[in-house]
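1. Fold the following and give me the result.
(chains A and B)
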Amino acid sequence: MKLTVAGEVKEVQDGITIAELIVQEKVETPEYVTVSVNDEFAKSENFQTQVLQDGDTVEFLYFMGGGQ
Amino acid sequence: MAFSNEQLERYSRHIILKEVGAKGQKKLLNSSVLIIGAGGLGAPAAMYLAAAGIGRIGIADADEVDLSNLQRQIIHATEDLGKAKVQSAKETMNRMNPDVTVDTYRTFVDSENITDLIKDYDFIIDGTDNFPAKFLINDACVMAGKPFSHAGIIRFKGQLMTYVPGQGPCYRCVFKNPPPKDAVPTCKQAGVIGAMGGVIGSLQAMEAIKYLLGVGDLLTGYLLTYDALKMEFRKIKLPKDTSGCAVCGDHPTITELIDYEQAECDMH
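-> So this is what the prediction gives:
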């Protein structure tokens, strides 16, 4: 199935969970990433169980602390 | 208030824009912006806002100018080493534009002082470098109903978003709680390319100016990310539903300001 991940269309295995996608996409600091699926925030406690569907749009939002 | 001939010339490239005009320039001259942090982000933001003729600019920072700052904090110069950053920033801004009143606050923001600091400003710029300050600024602005620009920079990356009360998610809607200390690297630990502050801090100044003029589309409901190595900007749409947010949601659970410190490890 296809997902749009961070703006790019990707082919992924059917039934992939958010947690699996995080690993597959080599997300930096995966414990602290915010994930949105189709313009809704995914709850971090559901990352292991929430299965993504064909056509979903997934965004990873990262903490960025610098500034000084 | 009529423009002097000097002002007409100084702001001529603004006044000629249909989105600004004489009316818009007057608005800017009657506006105020508070910049928290006179560093990588705050330096370019302060300079462009001063040059633009924002009538009153507040700048808050407790630090002194250090040699390692000068690779990116272009509001300070070599002769300013050891000087309070807010003083050095004020001098540069006044040299650029004597029209601007610069209020300096030589302090770190905390839960005790932030509400007082932000209350007399139209727009706030978060130019801080740490999560406790970023969450504090967010919560204080939400509680006081103040618009602000959030930003972060690290390595070759930067990002920003704009909060306007009632017009989209706040920083806490997206990021919930500060990460544990040292779980996510800071510029000091990871480095940052100096020009990144220039790019992102200038975008923060642009958001402030657009907000004050009431023109264009702000980054409310979006996170703009910039990856300099890929030379790629992305405007990421943020979820609209803010009802469950702990500070700006329908039933806020955070009703007092929090000074996150070491104990933030337990918060996530």
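
2. Now for residue A:12, how many residues are close by?
-> 18 (other CB atoms under 10 Å in any protein chain shown). No exception for glycine: its C-beta is placed from N, CA and C like everyone else's.

3. Point out where chain B drops to low pLDDT.
-> B:1, B:186-187, B:262-268 (pLDDT under 70).

4. Let me see the ranges of the helices in it.
-> Per DSSP state H, chain B carries helices over the ranges B:5-10, B:12-15, B:21-29, B:42-51, B:85-96, B:114-118, B:131-144, B:171-175, B:187-190, B:194-213.

5. Deepest-packed of these, please.
-> helix B:42-51 (a mean of 26; mean count of other CB atoms under 10 Å in any protein chain shown).

6. Mind listing what's buried along stretch B:103-114?
-> Neighbour-count burial for stretch B:103-114 flags B:103-105, B:108-109, B:114 (criterion: 16 or more other CB atoms under 10 Å in any protein chain shown).

7. what about that stretch, start to end distance?
-> 15 Å (CA to CA, to the nearest Å).

8. Name the residues that touch it?
-> With contacts defined as CB atoms under 8 Å, 6 or more residues apart in numbering or on different chains, stretch B:103-114 is touched by B:36, B:56-62, B:84, B:86-87, B:89-90, B:117, B:128, B:133, B:136-137, B:140, B:256-259.

9. give me the subset of these touching chain A.
-> On the criterion CB under 8 Å from any CB of the partner chain, residue B:128 are the entries of these that sit beside chain A.

10. Keeping just the C-alphas, turn the host helix or strand of residue A:20 into CSV.
-> Assigned by DSSP states H and E, residue A:20 belongs to helix A:18-24. Extracted C-alpha coordinates of helix A:18-24, given in CSV (Å, rounded to 0.1, in the frame of the first residue of the first chain):
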residue,chain,number,x,y,z
ILE,A,18,3.0,3.9,13.3
ALA,A,19,5.7,2.4,15.5
GLU,A,20,7.0,0.2,12.6
LEU,A,21,6.9,3.2,10.3
ILE,A,22,9.0,5.2,12.8
VAL,A,23,11.6,2.5,12.7
GLN,A,24,11.5,2.1,8.9
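
11. still on that earlier bit, among the helices of chain B, which is nearest residue A:3?
-> For the helices of chain B, proximity to residue A:3 was assessed by CB to CB; helix B:171-175 is nearest, at 20.6 Å.

12. Packing partners of that closest one?
-> When contacts are defined as 3 or more CB pairs under 8 Å, 6 or more residues apart in numbering or on different chains; DSSP states H and E, helix B:171-175 sits against helix B:131-144, strand B:157-163.
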